[in-house]
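**Q** this one's sequence-less:
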């Protein structure tokens, strides 16, 4: 088995067929779910070193232990690189970050239950392997050079490509950890409204979830160093997209944009590196090396695009640092309240009405450092964050009232103005230089 759906090798020859990929993903509101994915950064106790794939503290052993409890391993060159369990997946990120893509749920408390069960298993196995898992959006210990690469073949291609298109791509791959929410849409108009709301507020979400101020074992001036890394990773495929604000035909507009983003690779039983600047448009029209574009290729290409809000067969919210367990649990209900309730979505979209796209870009540039102090028009991001959380709670009270208490940690951050990054800086300064104590202080409960 492989994560690439090779069975979906239906040829695609026209833009209309690519647009149909999105059209066919629409669901009625009664079928809408929310999925959560998060990446955890592991360290070897008590040194704080990044775990390799092999060896007594290896990520490979960790994945094997999960496989022994059930699921279908995904292998590449004999190495397990992922595990599927029904609608959930456990996967490896380039620097050994351990990712859970949990099953999509209709009730956010179902995700909480799934997450707690997963964390209990992770804690048991990690104890045996001498690993701890940190509550942070970036690895605080050591430098990028100290982090072993995981044996995942697509990362070999990306590892060579990233330095050609930006200055921070390898940092993104090896050092960062995010939490994201995935949401459904009914049709093109609904997807356009949801994406516009998300893009209007992505910088506010980044400030609310900021949790990556420590880099190379030093306190930086950043609230979210992870978000700053994304500002120069690969600007052809990342960041804000003006089409979200300019176009109602978002399926067509997003397709046209994606067609002209260079491809990383083509998968045919293995990853084949394509020539630099080969776009999907050219591949679909002319083919390459005897290969011709398929629907599976399109799905793969879409997964290599990294805008702040990504469109696939669902909408991905991508602007948040991973942090505490409670903040991991809070993102799905936050976005359910904002995007699944029309009144809340309209109110949230209006928070930054009147900002030009250039002003939004500038805000995205400064928020990683300034956080709540950044200004969006006449207001600070901190002021807007309070309003956004209140709007989300109001929307959630209509679409899923039982989930409102899950917003408590976000409400506390917005109300006090004290972020996870601020707390992390305090802990770091309190225990500076004492790696074992820092690991214990920064680790998730039960994972230290």
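**A** Nice, thanks for sending it over. Note that the coordinates shown come from a computational prediction; the quantities given were computed from them, not determined experimentally. Numbering: from 1, shown residues only.
**Q** which residues of the protein score low on pLDDT?
**A** Where the chain drops to pLDDT under 70, the residues are 1-7.
**Q** can you rerun that using 90?
**A** Residue ranges of the chain with pLDDT under 90: 1-9, 269.
**Q** which element is residue 196 on?
**A** Element membership of residue 196, judged by DSSP states H and E, is helix 188-208.
**Q** So which bits of that helix are buried?
**A** Within helix 188-208, the residues that count as buried by 16 or more other Cβ atoms under 10 Å are 188, 190-208. Bear in mind the C-beta positions are built from the backbone N, C-alpha and C, glycine included.
**Q** for stretch 50-67, same thing?
**A** Going by 16+ other Cβ under 10 Å, stretch 50-67 has these buried residues: 50-53, 57-63, 65-67.
**Q** Same check on stretch 425-442?
**A** 425, 427-428, 431, 435, 438-439, 441-442.
**Q** quick one, what contacts residue 188?
**A** The contact partners of residue 188, taken as Cβ atoms under 8 Å, 6 or more residues apart in numbering, are 22-23, 26, 248-251.
**Q** Show me the contact partners of stretch 288-305.
**A** Contact with stretch 288-305 is made by 4-13, 17-18, 21, 237-238, 258, 261, 263-268, 272, 274-275, 278, 280, 282-284, 287, 310-312, as judged by Cβ under 8 Å, 6+ apart.
**Q** Keep only those of these that are in strands.
**A** When the contacts of stretch 288-305 are checked against strands (DSSP state E), the matches are 238, 265-267, 272, 310-311.
**Q** So which of the residues you listed wins on neighbours?
**A** Among the ones in strands among the contacts of stretch 288-305, residue 311 has the most neighbours (other Cβ atoms under 10 Å), with 27 neighbours.
**Q** Looks like that residue contacts residue 191 (just checking).
**A** Yes: at 6.9 Å, residue 311 and residue 191 qualify as touching, with contact defined as Cβ atoms under 8 Å.
**Q** which residues are common contacts for the two?
**A** 22, 250-251.
**Q** In this structure, where's the longest strand?
**A** Using DSSP E to define each element, the chain has its longest strand at strand 34-44.
**Q** Just list what that one packs against, helices and strands only.
**A** strand 98-101, helix 108-129, strand 131-134, strand 178-183, helix 325-339 (3 or more Cβ pairs under 8 Å, 6 or more residues apart in numbering; DSSP states H and E).
**Q** Spit out the contact partners of the closest residue to residue 220 other than its chain neighbours.
**A** Take residue 220 and drop its neighbours on the chain: the residue closest to it by Cβ to Cβ, 6 or more residues apart in numbering is residue 213, 5.6 Å away. Residues near residue 213 by Cβ under 8 Å, 6+ apart: 219-220, 222-225, 421, 424-425, 428.
**Q** give me that answer again for 10 Å
**A** With contact set as Cβ atoms under 10 Å, 6 or more residues apart in numbering, residue 213 has these partners: 136-138, 140, 219-226, 321, 369, 371, 419-425, 428.
**Q** from the residues you listed, which ones fall inside strands?
**A** 219, 321.
**Q** are any of the contacts of residue 213 buried, and which?
**A** Buried among the contacts of residue 213 by 16+ other Cβ under 10 Å: 136-138, 140, 219-220, 222-226, 321, 369, 371, 419-425, 428.
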